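A.B. asks: How does the following fold in three dimensions:
(one chain, ligands or ions: 1)
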Amino acid sequence: MAMEYRALPLTFLAHALAIAGAVMVLVWVLYYRGGMAWEAANKNLIFNLHPFLMLFGLIIIGGEAIMSYKSLTLKKEVKKVIHLVLHAIAIILGCVGIAAAFKNHNESNIANLYSLHSWLGITIISLYGIQWIYGFLVFFYPKGSPTLRMECLPWHVLFGIFVYILAVGNAALGFLEKLTFLESSGIAKYGPEALLVNFTAVVTVLYGAFVILSVLGRAHVEDDDSYSAI
Ligand code: HEM
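C.D. replies: Numbering: from 1, shown residues only. Here you go, the predicted structure:
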């Protein structure tokens, strides 16, 4: 099913929002929070990998993977490979980002998995992984029969949209949680850092909205309905 508007122009807006979001999260962690590191005496630097990798990896690369059927003018088989490779990169960066949050907690003697954000996070990365494996087996290798692929496709799209919306919502929750911690330890509620973090979350949500809108729009080549022939 496609809505009666063209997806391509919306993907341009989404790319612009992706660049804005990536720049904003980088300014936050590098300029305001002191940088990122896997090994450091200052454990906050380990945590800082988390927001960057979750936004850039899971949300932005994942969103680009979702939009690739609508944003690229290539053969379907090529787009399929781009779709699965970008999703694999999104999952790997997401896993490293989550590992950084655990590493920061373990090395700072903070409990793990105490928040709604962390429970949703584990659920999202697990569902994302399951979705990738099942998509790979059914649509790529060893690849189901045409009937099986046709039957699985709407579920693949529905489940993918569900997990992606959940991920965008959880990223917003993560920004809120971290900013609340920072505000309780002294940063100004209307200061430049607080505004930057809140607007990064706004840009993240807008990006997610344009990703979903582009999924629902028409592909740019009239007879090339990505969903029917995946
Ligand atoms: C969809 C993207 C995200 C996922 C899947 C995710 C997942 C997780 C997980 C699983 C943890 C638990 C780590 C532990 O218990 O040791 C966690 C912790 C945390 N995350 Fe995220 N995260 C995401 C995005 C973000 C973003 C963008 C921020 C913004 C700063 C953030 C802030 C936090 C904070 C403050 C914690 C530590 C407190 C807590 O455990 O709730 N997260 N995240």
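A.B. asks: Now the lengthiest helix in the chain: average pLDDT?
C.D. replies: Counting residues, the longest helix in the chain under DSSP state H turns out to be helix 146-184. Across helix 146-184, the average pLDDT comes to 98.
A.B. asks: hang on, Leu173 packs against Ser118?
C.D. replies: No. Leu173 lies out of contact with Ser118 (Cβ atoms under 8 Å); the separation is 9.9 Å. Using the backbone N, CA and C atoms, a C-beta is placed for each residue, glycine as well.
A.B. asks: what sits against the residue most central in space within the chain?
C.D. replies: In the chain, the C-alpha nearest the mean C-alpha coordinate belongs to Ile59, at 1.4 Å (Cα atoms, centre = their mean). With contact taken as Cβ atoms under 8 Å, 6 or more residues apart in numbering, Ile59 is in contact with 21, 167-168, 171, 204, 207-208.
A.B. asks: part of a strand, is it?
C.D. replies: No. Using DSSP: H, G, I helix; E, B strand; the rest coil, the assignment for Ile59 is helix, not a strand.
A.B. asks: could you measure it against the ligand, distance?
C.D. replies: 6 Å (Cβ to the nearest ligand atom, to the nearest Å).
A.B. asks: same deal with Cys152?
C.D. replies: From Cys152 to the ligand the distance is 25 Å (Cβ to the nearest ligand atom).
A.B. asks: excluding its backbone neighbours, what's nearest that residue?
C.D. replies: Val138 (4.9 Å; Cβ to Cβ, 6 or more residues apart in numbering).
A.B. asks: What's the separation between Pro51 and the ligand?
C.D. replies: 4 Å.
A.B. asks: from what I can see that residue touches Leu173, true?
C.D. replies: No. Under the criterion of Cβ under 8 Å, Pro51 makes no contact with Leu173, lying 11.8 Å away.
A.B. asks: Looking only at neighbour counts, state which of these two leads.
C.D. replies: More neighbours surround Pro51 than the other of Pro51 and Leu173, with 24 against 17 (other Cβ atoms under 10 Å).
A.B. asks: pLDDT weak spots in the protein?
C.D. replies: 1, 221-230 (pLDDT under 70).
A.B. asks: go again using 80 as the cut-off
C.D. replies: 1-2, 220-230 (pLDDT under 80).
A.B. asks: Overlap in contacts, Pro51 and Leu173.
C.D. replies: Common neighbours of Pro51 and Leu173 (Cβ under 8 Å, 6+ apart) do not exist.
A.B. asks: still on that earlier bit, farthest-separated two in the contacts of Ile59?
C.D. replies: With Cβ to Cβ as the measure, no two of the contacts of Ile59 lie farther apart than Gly21 and Ala167, at 13.4 Å.
A.B. asks: Can you tell me, leaving aside adjacent residues, what's nearest to Met3?
C.D. replies: Leu216 (4.8 Å).
A.B. asks: I meant Ser71, not that one.
C.D. replies: Thr11 (3.9 Å).
A.B. asks: Check which helix or strand the one you found maps to.
C.D. replies: Taking DSSP states H and E as the definition, Thr11 sits inside helix 8-26.
A.B. asks: next one: Val96
C.D. replies: helix 76-107.
A.B. asks: Which SSE is immediately downstream of that helix?
C.D. replies: helix 116-135.
A.B. asks: Contacts for that next one, please.
C.D. replies: 58, 62, 84, 87-88, 90-91, 94-95, 98, 101, 112-113, 152, 156, 159-160, 163, 166-167, 169-170, 173-174, 177.
A.B. asks: do stretch 15-31 and the ligand meet?
C.D. replies: No. Stretch 15-31 lies out of reach of the ligand by Cβ under 6 Å from any ligand atom, never closer than 7.4 Å.
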